[in-house]
Structures are given as structure tokens and as C-alpha cells.
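Participant: here is my input, please return the structure:
(one chain, ligands or ions: 2)
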Amino acid sequence: MLQKVRDLWSLIKCKQTFLLLFTGLVGYASGLKGGGGPALYGGLLGSLFLAISGTTVLNMVYDRDIDAVMPRTRHRPLAAGRLRPWEAVLLGGAMSAAGLGWALALDLRYGLVVLAGWLLDLVVYTVWLKRRTPWSVIWGGLSGGMPVLAGRALATGQVEVIGLLLALAVLLWIPTHIMTFSIKYAADYAAAGVPVFPNVYGLRTTQVAISLSTVLAAAVMTGVTWQLAEHLGAVAVASALAMVLVGLGANALIRPSVQVNLRLFKFASVYMVSAMALMLL
Ligand code: HEM
Ligand SMILES: CC(C)=CCC/C(C)=C/CC/C(C)=C/COP(=O)(O)OP(=O)(O)O
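Facilitator: Ligands and ions are numbered 1, 2, ... in the order given. From the prediction side, this is the model:
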């Protein structure tokens, strides 16, 4: 029984879901700072958690065949056969319906942005493009930008420039986040027939793409921090963190190695959390 609960919980990819949820929270809290709408923290967190988890669980169901091939994901409960697909479809479907319904009932504009995130991840990224083109990551990245945009939309009542810039920053951060990882697991992806940048365009092109997008992501994030953060200290720390990220990105280009890439992958998540948190100060 305990193993079953553990397996069901692992379907929501805890770290990814909580980072996405945190960006939504930052979008919302930063939008309220300007004197925006009423405090709907409970509704935002509940509906976003359910919608993000729902899409993640359904993604795991759809991807269970490729997960079963890759050593990195072979142990996942659906790939390993510890859970039956219908159990996960039931969980993911119920979470998605509850999350999307709650979001749309809270606010139509907010709900539509959450629905866009759900569709981009599940339909466009997972079902349509992930097995066809390495450019699928753009659509996955766009879906990852929806929680922060949705949070801003709920607070301000609009889809506005700062929300769009924050979503763009998440999108630009994606190569730093995932291409570093796909270099390490290139053989796994090749075995599973999932086209990823290093396998399709080669290592050098992928490293250049990572470094370029690292600079752009850091620039957009720092620019938005200048706009949002009220304390100069927060802007200074955000700029210093951006420089560390850019430095690690440059290092990955100059002295490429598995270890350097993995360090960049790890720091990219820490950077996203810290830079977003600093925007609230
Ligand atoms: C195309 C889009 C994306 C792809 C292909 C992708 C892929 C991955 C992969 C393969 C992992 C490693 C999982 C493992 O260790 O087995 C991962 C981890 C993670 N992802 Fe993503 N991801 C994407 C978008 C995002 C977005 C938008 C966020 C949040 C804003 C995010 C947050 C995370 C976090 C926090 C982790 C855990 C990192 C760690 O262990 O240090 N991902 N992702
Ligand atoms: C508002 C809303 C509902 C937004 C949805 C946000 C969301 C869940 C984005 C997912 C990001 C993504 C494409 C992850 C990759 O999974 P993968 O299947 O490529 O990773 P894996 O190889 O580890 O399975």
C-alpha cells in the first residue's frame, strides 16, 4: 500500500512541479505588488498544482514505452509495470479536470492560460512533437512559461508585458536546463528514438545553443528583476547569480565535459528559484 502511494506520488515529478508552481506564485505575488486583484493564493496554488500535476501524470502514461527503454527512466512505476496505465489515467485525468475547472472558475483569463499550458505540454509537446523533432523543446518550454504568465494574469487581470517576458525567460532557460541533460543521456534518447539536439545537430552546435540561450535567459531575467525588485540589493544579487550562470554556460562551451554540463544543469534550477524569489524583494 505504501509502495503504491509512493509510486502514485512519483508520477507528478515533484521537483519539476514545485519549481513550476513557484514560478506561478512569483508571477501572482509580483503582480499583486502593483496593487492588483484580490488575494487568491489558495485558489492559485491549488488549481495550478492540480493542473501541472495532471498534465505530468498523463505525460508519464503516454511516454511509458520510451521510459521503459531508457536506463534513466526505466524504474518509473508505469515503465516498470508497477502501476497500470488506467490507474494513472484516472489520477491524471481527475487532477487535470479539477485543476482546469478550478482555474476557469476562478478567472476566465487565468484559466485559459492554464489550459494553454496543459494543451502545449500534453498535446503539442508530448503527443505531437517529442518523438518527431528536437525542436519540440520550444513547445515544452512555452508550456513551462504558462504558470508564471497565468499567475501574473490572475493578479493583474491581463496578459501583460512583464508576464510575457517572464514566460520568455523560462523558454530561454530551457536549453540550459535540458540540452545539458540530453548531452549526458544522448545514448538513452537515441535508443528510445527521441530526437534531441546533440544527436541531430551534433555536440558543438548544442553547446553553442546552450551558451547563447544561457546569456539571453540571464539577460531577460535580470532585466525583469530591475523592473520588479524594489531593493537595490536584490538586483545586485540577481545580477551576480546571472553572471555565475553565464560563466558556467561559457565554461561549458570552452571546456566541455560531462561534469561541467551537469553542474550547469543543477545550477540552472537553483538560478531559476533564486532569481524569481529576488523579484519579490
Ligand atoms: C521542454 C521542456 C522540458 C524538458 C524536456 C525537461 C526535461 C527534464 C528532464 C529530462 C529532467 C531530469 C529528470 C530526471 O532526473 O530523471 C528534468 C528535471 C527537472 N525539470 Fe525539466 N524539463 C523541461 C521543462 C522544465 C520546466 C519549464 C521547469 C520549471 C520551470 C522544469 C523543472 C525541472 C526541475 C526542477 C527538475 C529537477 C532538476 C534536478 O534534479 O536538479 N523543467 N527536466
Ligand atoms: C499551466 C500548466 C498546466 C503548465 C504545464 C507545465 C508543464 C507540466 C510543463 C512540462 C515541461 C516539460 C515539457 C517537461 C518535459 O518532460 P519530459 O517528458 O520530456 O521529461 P522526461 O524525459 O523526464 O519524462
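
Participant: which bits of the stretch 1-150 of the chain sit near ligand 2?
Facilitator: Within the stretch 1-150 of the chain, the residues that sit near ligand 2 (C-beta under 6 Å from any ligand atom) are 20, 51-52, 55-56, 59, 63, 114, 117-118, 121, 125, 140, 143-144, 146-147, 150. Heads up, the C-betas are built off the backbone N, CA and C, glycines and all.

Participant: helices - which of these land there?
Facilitator: In helices, judged by DSSP state H, the following of these are found: 20, 51-52, 55-56, 59, 114, 117-118, 140, 143-144, 146-147, 150.

Participant: so who does Leu149 touch?
Facilitator: Neighbouring residues of Leu149 by C-beta atoms under 8 Å, 6 or more residues apart in numbering: 27, 113, 159, 163-164, 166-167.

Participant: ugh, typo on my part, it should be Leu45
Facilitator: 21, 24-25.

Participant: quick one: low-confidence parts of the stretch 151-281 of the chain?
Facilitator: Applying pLDDT under 70 to the stretch 151-281 of the chain flags no residue at all.

Participant: skipping its backbone neighbours, what lies nearest Asn261 in space?
Facilitator: Thr180 (4.3 Å; C-beta to C-beta, 6 or more residues apart in numbering).

Participant: what comes up buried for the one helix or strand that neighbour maps to?
Facilitator: According to DSSP states H and E, Thr180 maps onto helix 180-184. Within helix 180-184, the residues scored as buried using 16 or more other C-beta atoms under 10 Å are 180-183.

Participant: which members of these additionally contact ligand 1?
Facilitator: The residues of the buried residues of helix 180-184 that also fall near ligand 1, by C-beta under 6 Å from any ligand atom, are Phe181.

Participant: tally of neighbours for Met243?
Facilitator: Met243 has 12 neighbours, counted by other C-beta atoms under 10 Å.

Participant: check Gly193 too.
Facilitator: For Gly193, the neighbour count with other C-beta under 10 Å is 10.

Participant: my guess is it meets Ile66, correct?
Facilitator: Yes: contact criterion C-beta atoms under 8 Å: Gly193 and Ile66 qualify, at 7.2 Å.

Participant: ok, the contacts of Leu149 vs Arg74, which is closest?
Facilitator: Nearest to Arg74, judged by C-beta to C-beta, of those is Ala167 at 33.1 Å.

Participant: quickly find the element holding the closest one.
Facilitator: Assigned by DSSP H and E, Ala167 belongs to helix 161-174.

Participant: do that helix and ligand 1 come into contact?
Facilitator: Yes: counting by C-beta under 6 Å from any ligand atom, ligand 1 is contacted by helix 161-174 at 170, 174.

Participant: whether that helix contacts ligand 2 - can you check?
Facilitator: No: Helix 161-174 is not in contact with ligand 2 by C-beta under 6 Å from any ligand atom; minimum separation 8.5 Å.

Participant: what's that helix packed up against?
Facilitator: In terms of contacts (3 or more C-beta pairs under 8 Å, 6 or more residues apart in numbering; DSSP states H and E), helix 161-174 is packed against helix 14-33, helix 136-156, helix 203-228, helix 258-278.

Participant: deepest of these, which one?
Facilitator: The highest mean neighbour count among the helices and strands packed on helix 161-174, using mean count of other C-beta atoms under 10 Å, belongs to helix 136-156: a mean of 26.

Participant: is it in proximity to ligand 1?
Facilitator: Yes: applying C-beta under 6 Å from any ligand atom, one finds helix 136-156 touching ligand 1 at 137, 140-141, 144.

Participant: check stretch 40-52 too.
Facilitator: No: counting by C-beta under 6 Å from any ligand atom, ligand 1 is not contacted by stretch 40-52; separation bottoms out at 9.4 Å.

Participant: give the rounded mean pLDDT of that stretch.
Facilitator: Mean per-residue pLDDT for stretch 40-52: 95.
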